[in-house]
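Enquirer: Sequence and predicted model, in that order:
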Amino acid sequence: MWKTMTRELAPQDEEGAYARPKDAFLTEEQDVPEGNLVLYTGNACPWCHRVHLAVKVLGLDQVVRTVLLEDDAEKASRGGWIIARRDVKRDPVFMAKDLREVYEGASPSYVGRCTAPLLLDGTQKRIVSNNSTNILRLLNRLAKVHRKEWGAVDLFPTEIKAEIEEMNEYLYSNLCNSVYQAGFSTTQEAHDRAASKVFLCLDDLEGKLAKQEYLMGSQVTAADLMAIPTLARFDAAYAVLFKCSKKRLRDYPNLTRYMRSMFELEGSFEVFDLQAATNSYYQQLFPLNPSGIVPFGPGWEELGIDASSGRTRVAPGSDEFKKRFYIIK
Ligand SMILES: N[C@@H](CCC(=O)N[C@@H](CS)C(=O)NCC(=O)O)C(=O)O
């Protein structure tokens with residue numbers, strides 16, 4: 001019974017390991033529409049977090065309209081994402097009540113899971129992409145098109161683009177997807193395999209960050225936007241709910257310092273509410289936590305991060321910001 005419920009929540013391969021479905025919609029960088037884009041994003045989801053953060057650091061608030069989603073376990077058979085009541089009552093493109101209706105409106109013949117994030121062309125009412133790595137590349141291109149007077153942030157600078165892509169693949173297979181594989185495994189072997197990858201990867205990143213500020217050196221790149229959402233959820237959700245409890249992120253001084261630095265960026269707390277994400281993980285993934293009881297912490301303070309609203313953040317275009325990013329003039 002438990003295995004059946006978990007399989008429904010998270011498709012499994014024959015060895016009991018979580019097999020993430022392939023994304024159906026991708027767009028080449030040169031084909032991205034240059035305006036009236038709509039990004040559907042949910043707070044709990046790490047794949048959404050990275051693209052929502054990209055909208056902020058790339059300064060695309062005026063180009064990409066974000067629609068907030070909430071997860072609703074009662075709507076699990078429809079993908080579980082409803083349009084957030086506190087944001088817009090209805091979706092601005094299709095007047096949809098949930099994400100499945102958006103998929104149905106934009107691509108009526110689509111059969112498959114209706115995942116977030118989703119980037120939509122609001123003019124053509126067409127899906128641009130539902131893959132967060134692809135969306136990151138598209139947003140990065142849009143930042144160049146809509147460059148500010150001080151320049152445009154480049155999250156994939158040409159001279160290290162290949163290394164960034166390699167790092168992103170490494171992070172996906174060893175950290176971002178592996179925590180889910182550890183959590184959704186239905187056999188001990190599959191769990192052990194996934195969880196050991198996670199800790200080897202964290203140890204490796206900890207070593208790297210002893211020598212440099214960010215994953216690719218002294219500037220923030222797409223690789224950091226890939227890693228941060230997983231790290232930010234680690235102690236609060238993955239360590240306990242997904243049983244990745246060998247060590248906590250707090251046990252890694254360099255990763256903690258790194259996360260603190262990333263959360264100094266303006267917009268970081270706007271795109272990620274830790275408590276809401278924690279509630280969502282424990283309350284929505286029923287087979288992993290049937291009681292729905294949410295642990296009492298950790299919050300930002302325990303994670304060593306100052307989340308107070310009075311604190312000055314690193315604002316786009318500021319001198320500190322320009323030091324932290326690759327900027328194209
Ligand atoms: N590969 C996708 C993964 C997106 C994804 O799995 N999103 C989850 C939320 S964390 C989702 O929407 N799941 C709904 C479902 O599978 O029905 C990406 O990188 O964008």
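Expert: Sure thing, it's come through. Fair warning: this is a prediction, and the values are worked out from it, not measured in the lab. Numbers count the residues shown, from 1 in each chain.

Enquirer: CA atoms for contacts and neighbours, from now on please.
Expert: Fine.

Enquirer: Pull up the residues of the stretch 101-250 of the chain that are close to the ligand.
Expert: Arg113, Cys114, Thr115, Ala116, Pro117, Asn130, Asn131, Ser132, Thr133 (CA under 6 Å from any ligand atom).

Enquirer: go with 5 Å
Expert: Contact residues (CA under 5 Å from any ligand atom) of the stretch 101-250 of the chain with the ligand: Arg113, Thr115, Ala116, Asn131, Ser132.

Enquirer: Write the ChimeraX selection for whichever of those are buried.
Expert: Selection of buried members from these for ChimeraX, criterion 16 or more other CA atoms under 10 Å:
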select :115,116,131,132
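
Enquirer: Which residue ranges of the stretch 1-150 of the chain form helices?
Expert: 2-9, 46-57, 99-106, 132-145 (DSSP state H, counting those that start in this stretch).

Enquirer: Would you mind finding the most buried of those helices?
Expert: Between the helices of the stretch 1-150 of the chain, helix 46-57 has the highest mean count of neighbours, a mean of 25, where neighbours are mean count of other CA atoms under 10 Å.

Enquirer: Report the backbone C-alpha coordinates of that helix in CSV.
Expert: Provided in CSV are the C-alpha atoms of helix 46-57 (Å, rounded to 0.1, in the frame of the first residue of the first chain):
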residue,chain,number,x,y,z
PRO,A,46,13.6,24.0,-5.6
TRP,A,47,13.4,24.0,-9.4
CYS,A,48,11.1,27.0,-9.2
HIS,A,49,13.3,28.7,-6.7
ARG,A,50,16.3,28.8,-9.0
VAL,A,51,14.4,30.5,-11.8
HIS,A,52,12.6,32.9,-9.6
LEU,A,53,15.9,33.9,-8.1
ALA,A,54,17.3,34.3,-11.6
VAL,A,55,14.4,36.7,-12.5
LYS,A,56,15.5,38.9,-9.5
VAL,A,57,19.3,38.9,-10.0
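
Enquirer: can you give me the mean pLDDT across that helix?
Expert: The average pLDDT for helix 46-57 rounds to 98.

Enquirer: And stretch 247-254, by the same measure?
Expert: On average, stretch 247-254 scores 97.

Enquirer: what's the answer for stretch 268-278, then?
Expert: 97.

Enquirer: Of all the residues in that stretch, which ones are buried?
Expert: Buried residues in stretch 268-278 (16+ other CA under 10 Å): Ser268, Val271, Phe272, Leu274, Ala277, Thr278.

Enquirer: how about the helices in the stretch 151-300 of the chain?
Expert: 161-171, 177-184, 188-211, 222-233, 239-241, 253-262, 274-284, 300-303.

Enquirer: rewinding a little: and the helices of the stretch 1-150 of the chain, which one averages the lowest pLDDT?
Expert: Comparing mean pLDDT across the helices of the stretch 1-150 of the chain, the lowest value falls on helix 2-9: a mean of 73.

Enquirer: now that helix, how far from the chain's geometric center?
Expert: 24 Å (CA atoms, centre = their mean, to the nearest Å).

Enquirer: Tell me which residues touch the closest residue to the ligand within the chain, please.
Expert: Nearest residue of the chain to the ligand, counting by CA to the nearest ligand atom: Thr115, 3.1 Å away. Neighbouring residues of Thr115 by CA atoms under 8 Å, 6 or more residues apart in numbering: Gly79, Leu99, Asn130.

Enquirer: now with 7 Å?
Expert: With contacts defined as CA atoms under 7 Å, 6 or more residues apart in numbering, Thr115 is in contact with Gly79, Asn130.

Enquirer: ok, back up a step: take the residues of the stretch 101-250 of the chain next to the ligand and lay them out in JSON lines including distance to Phe325.
Expert: Formatted as JSON lines, these follow (distance: CA to CA, whole Å):
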{"residue": "Arg113", "distance to Phe325": "35"}
{"residue": "Thr115", "distance to Phe325": "30"}
{"residue": "Ala116", "distance to Phe325": "27"}
{"residue": "Asn131", "distance to Phe325": "24"}
{"residue": "Ser132", "distance to Phe325": "20"}
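
Enquirer: By pLDDT, rank the residues of the stretch 101-250 of the chain next to the ligand and give me the bottom one.
Expert: The minimum pLDDT among these falls on Arg113, with 89.

Enquirer: Excluding chain neighbours, what is closest to that residue?
Expert: Gly79 (6.5 Å; CA to CA, 6 or more residues apart in numbering).

Enquirer: How about Ser132?
Expert: If you skip the residues right next to it in sequence, Ser132 has Trp47 as its closest partner in space, 5.7 Å away by CA to CA, 6+ apart.

Enquirer: All set now, cheers.
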